[in-house]
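In: for reference, the sequence and a predicted model appear below.
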Amino acid sequence: MKQLAAIALSFLLFSCSKDAKMESDGKYGEPFIADSARSVGEAIKAMSLVTEMPVVVKGTVAEVCKSEGCWLMLKNEGGEDLYIDIAGKKFHLTPDIEGKTVAVKGVLTKEPISIEEVKQMAREAGKTEAEVNAITSIKDDIAMEATGLIVLK
């Protein structure tokens, strides 16, 4: 009986660990075709008229969660990097993905951040009190929830 329990536990651990690792072909999560991927800047511009949009985005990984691989940041030339959360933690990225070009499928969302929150973030970023007081409007926070990712190079 103990052997059967040990075998079942080994099988369970093996099957769970497979999801947390990158597949040998560089694909994570839900399969998709990356041919029509937009740049991060293009995708963010497209959000000007909507609050939610399914999209495939292509970019360079600026940063990745080192502890669980549950989020990443894509570089946005000339703007703020795009924060991407892994939907439902259905897959996990390895730290060596930083600096690689990827395509990510998911949903972009836009939520307003209050003036007080924008001011608090500015204070935390080390802005002067004059810079903080100059903030007079809300800011749109654009982020993505990813369902799939392909390492391109």
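Out: Nice, thanks for sending it over. Numbers count the residues shown, from 1 in each chain.
In: where in the protein is pLDDT low?
Out: 1-24 (pLDDT under 70).
In: list the buried residues of stretch 131-138.
Out: Of the residues in stretch 131-138, those buried by neighbour count under the rule 16 or more other C-beta atoms under 10 Å are Ile135. C-beta coordinates here come from the backbone N, C-alpha and C atoms, glycine included.
In: start to end distance for it?
Out: Distance between the two ends of stretch 131-138: 15 Å, counting by C-alpha to C-alpha, to the nearest Å.
In: could I get the full set of helices for this protein?
Out: Across the chain, reading from the start of the chain, the helices by DSSP state H fall at 2-20, 40-46, 115-124, 129-133.
In: against Lys45, how distant is the residue nearest to Glu111 when sequence neighbours are not counted?
Out: Computed as C-beta to C-beta, 6 or more residues apart in numbering, the closest residue to Glu111 that is not its neighbour in sequence is Asp141, at 5.1 Å. With distances taken as C-beta to C-beta, to the nearest Å, Asp141 is found 16 Å from Lys45.
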